[in-house]
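Participant: give me the fold of what follows.
(2 chains)
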Amino acid sequence: MNYLIKHSKKLLSLVLVLALITSCKDYQDLDVEPVDTGDADFSSYVAVGNSLTAGFQSNALYEDAQEYSFPNLLARQLQIENFEQPLIGNPGIGDPGRIELTSLENSTTQYNTNQGQPINTGIGQPYNNLGVPGIKVDAYLNAPDNNPFYPLIVNEGNPQSPLPNIHAAVEALQPTVVSFWLGNNDILTYVTSGGLRQFTNPSNFQTQYVSAITQIQNLESDPTVITANIPSVASIPFATTVGPQFQAQIEGNEQVPGLVVQKTFYQENQQIGASENREPAGLIEKVNLDDPSQALILLTARDYLPYIGVSANPQAPSYDEAAVTAILNYWRGYIVNAGVATEQEVANYSQSDIEDTMTQITIGQYEQTFGPAEAQTFAANYDGFNFDEPFGLSGQNPFPNQFVLGTNEISITNTVTGIFNSVIASQGDVQFDVNSFFDQVIQDGQYTDPNSNVTLQPTIGSLFSLDGIHPSNRAHAALTNELIETLNSATNGDIDKINIAKIPEGVPVAN
Amino acid sequence: MRKLIATICLIFLCAGSAFASGFSIYEASVRANGVLGAFSAYADDASTIFYNPAGLGGLEGINITGGATIIAPRSSFRNLSPLGPMGQETKMEKQEFLVPNFYGSYQITNNLTAGIGVYAPFGLGTKWPEDWVGRGSSIETSIETIFVTPSVGYEFSDTGIGNIRVGAGLRIAAHGKVKLSRAVTNFSPEGTFALDGDLKEPAFGFNAGLQYEPTDKVTLGFTYRSEVTTEFEGDATFQNLSVGFPSSAQGGAEITLPASYVVALNVEPIEGLRTELDYVWWGWSSYDELAIEFDQPIPALGGSTIVNERNYDNSWQLRFGAEYTELPVKGLTVRGGIAYDENPIRDRYVDPTLPDSDRWLFSGGLSYQVTDYLAVDASYIFIRAKQRKVTNTHEGGIDGVYTTYANLPGLGFTLNL
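Facilitator: Residues are numbered from 1 along each chain as shown, chains lettered A, B, ... in the order given. Have a look, this model is predicted:
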């Protein structure tokens, strides 16, 4: 007993000391291993690009998707604090709005036309993510007209001092590394419009691209410039989803030989060796509908394919009032876009008014392309429009060109993309070959994340968001990993990759 | 029985929170807290019903003891996942849990004593900010249980080789609640899934124990507690999730509470000083998954079940405690203890529902005999869990570093009639 009393203080002290040792260790210090970027300085990063860089998904730019933009994910892996993005509250900004799932069972979607508000404004500096949806290469040095995102992304970071162009924002930030991923829209608008809108003239593209890169390389901060190339725009789900679906639908139907499609007349494309087209409409046989080199039916065609075969003649067995209204309204819009009449005027157009106007427009387009003399011969032999003929099955009631890329247009797309990519390959310090990456994924039919068991397919809802053009959250993570691999081998670094299983799918849903 | 349970539930409004490894709670008596639960070979009050029912044998007269322990856990998380900035810290919301206990025993014959105990042997409570980086793993989780254990103990006193005591009890899980909520981040806008369930019906298990006293200075103890399989059932809600989810559903889950055993040695090296070492084994490998079954198919889940893999390992604790009674102040007893508690959760399955880690425990306690019959008991436990860094966590987990500590003050009384 005496022993204990004598030593009780010591024993107590021992217990207290033990308690203090374990409790006082400073647990607030977390030793995050510094990132190994090899020979390069990646401490300050700016991303230049379009919607792909911005983190645009499902036809809108919105916060939930921007969080997983590849530049933001890369910045995190590079342990860059305060990588600023022009965040826009959900459901974001899009025209006409974000595409959202309305049912998981049959994957139906709708546009959410509510628009979000910018939420990271006035931070006193330009944003680090300068991806502006919709822009082409020339917009790096020349502010584009009528781009709703441009002022938000280039100037809302520091609204007091508006900048003349994107380069001015990059210059203000003086980054040590820049990713430059532009050029997609220089050809993509051609694809998404079914060949109606022009791609950028390849020699202009070269001039604009080289001058942008040169300006960046001349910055005082002497950044490492990563140039990313253009993935094959003809192999995105936007262009490859609907055709095979439609082909399967009409497979056994003898009444439907294929799709008769309105065509565009070409002449300007001679610059890249494309052949001229002189036919107002042409049949794409149904066996060709699931052959991506023969014909691509665009996602936008989805609403009109169910009307194939419909006649506007109320006596015809295939008459369908709702379908006829939709088809006539489509052509009304076409006439307005062609600048021939106003919206108010076409609203009162009868069926025959629309038929006559479309016939005239077609002859006019021919004349513009091939000259008045040839147009006269063309007009003499042209049957014109007649909506009593079955929709999409007759040269007089063709399926709109806007929704289809024909063989010729597909080969133009591939040729132009190739030219652009060879320009991109000659520029910058590190080349990020996005094209090969996507080619490989499409060839394999899937992408497997080596860091997890996750596999992703090149389809909508997996690698692609609901618009079929823009990558999903997880595809952005896969791209980031690919870019990290490229950077690691270029600079002898060892930047960690992302476990894609951890990235939420974040599919937009209508609530 | 129903009425009894209802009454008990009214008295024990509270209960929750884990603070031993897994979600077991070993703080079942304030006196035992003082020696950190190194109590299975000693047990001189009715709380022996929890620690070793054999201790009832030889417990004289009427003994009533009760009290409560407050568990105040504190955790923080530093993010290493791609879901947020590297190293970003989130603190778990502060919560305090009151864990009650109550035991009574009555000596029927010289050698036979019966008793009943009410205590909370399993529980868990974690709550993270609703917008935190790991919200897809967990926002709030709580499990509460109240066990009722009627027991008997018998002492064989004239064996010629020393005293032998045996005892056994019926462990009835009489009350239980589970609550969990987490964000569903697979959609934009995000939604929230929550389940609020109650124990469907009382669940049963048993405990049994042995104490052997070869001399009056040495006691050996052994306790076994069986598994108890509990079934919970309640409302599942899917907030802000109208596509792919029903507006509401019924959900149920089965949770197997693990078996455990204790091997204990109590020695009195000098007059008035009793020291005890207990080895406690937990059969946590019974907890391999938490499967929530719904009463209808949920399209977004592609079925009617959510399975959360747990894959716990069995684990152990080493508990050492000492009690000293021969102090200058009459009627005062002091206690102290130290323990090491190995956690059952593999790195891959650690998630914010229960940021478990191996831990050191330190305790102090005292009892003061106010009258011949009544003693007041107090205890204090401090727990420091090892900082735990987890990477490569399972699909529902989040990579990061957890830091946890806890303070557990306790207050109670003991009546000897």
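
Participant: so who does whichever residue of the stretch 351-500 of chain A sits closest to chain B touch?
Facilitator: Using CB to the nearest CB, the closest approach of the stretch 351-500 of chain A to chain B is made by A:I498 at 4.7 Å. No exception for glycine: its C-beta is placed from N, CA and C like everyone else's. If a contact means CB atoms under 8 Å, 6 or more residues apart in numbering or on different chains, then A:I498 has A:73, A:77, A:451, A:477, A:480-481, B:82 as its contacts.

Participant: where is pLDDT lowest across the residues you listed?
Facilitator: Across these, the bottom pLDDT score, 84, is held by A:N451.

Participant: what helix or strand does A:I284 sit in?
Facilitator: Assigned by DSSP states H and E, A:I284 belongs to strand A:281-285.

Participant: thinking again about what came up before, the residue of the stretch 351-500 of chain A closest to chain B - that's part of a strand, no?
Facilitator: No. Assigned with DSSP: H, G, I helix; E, B strand; the rest coil, A:I498 falls outside any strand and is coil.

Participant: count the residues that sit near A:E33.
Facilitator: A:E33 is flanked by 9 other residues according to other CB atoms under 10 Å in any protein chain shown.

Participant: assign it to helix, strand or coil.
Facilitator: coil.

Participant: now the strands for the stretch 51-200 of chain A?
Facilitator: For the stretch 51-200 of chain A, the strands defined by DSSP state E, counting those that start in this stretch cover A:98-101, A:109-112, A:129-131, A:177-181.

Participant: looking at those, which is buried most?
Facilitator: strand A:129-131 (a mean of 28; mean count of other CB atoms under 10 Å in any protein chain shown).

Participant: and B:T393, that's in a strand?
Facilitator: No. The assignment for B:T393, made by three-state DSSP, is coil rather than a strand.

Participant: show the backbone phi and psi for it.
Facilitator: phi -80, psi 160 (degrees, to the nearest 10).

Participant: ok, it touching B:D347?
Facilitator: Yes. Contact criterion CB atoms under 8 Å: B:T393 and B:D347 qualify, at 7.3 Å.

Participant: those two: which is more packed in?
Facilitator: Per other CB under 10 Å, whichever of B:T393 and B:D347 has more neighbours is B:T393, with 22 against 14.

Participant: what residues are up against that one?
Facilitator: B:347-351, B:399.

Participant: any quick PyMOL command for the buried ones out of those residues?
Facilitator: Typed into PyMOL, the next command selects the buried ones out of these (criterion: 16 or more other CB atoms under 10 Å in any protein chain shown):
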select buried, chain B and resi 349+350+351+399
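
Participant: which one of the contacts of B:T393 is nearest A:D64?
Facilitator: B:D399 (20.7 Å; CB to CB).

Participant: would you agree that closest one is in contact with B:L80?
Facilitator: Yes. If you go by CB under 8 Å, B:D399 and B:L80 touch, sitting 4.4 Å apart.

Participant: give me the common contacts of those two.
Facilitator: B:T391.

Participant: tell me which parts of the stretch 401-511 of chain A are close to chain B?
Facilitator: Selection of the stretch 401-511 of chain A residues close to chain B by CB under 8 Å from any CB of the partner chain yields A:477, A:498-499, A:501-511.

Participant: what is the least confident helix or strand in chain B?
Facilitator: Ranked by mean pLDDT, DSSP states H and E, the weakest helix or strand in chain B is helix B:2-11, scoring a mean of 39.

Participant: who touches the helix or strand just after it?
Facilitator: On the C-terminal side of helix B:2-11, the nearest following helix or strand under DSSP H and E is helix B:30-34. Residues outside helix B:30-34 that contact it (CB under 8 Å, 6+ apart): B:27, B:39, B:45, B:47, B:50-51, B:65, B:67-69, B:101, B:321, B:323, B:334-337, B:363-367, B:377-381, B:408, B:410-412, B:414.
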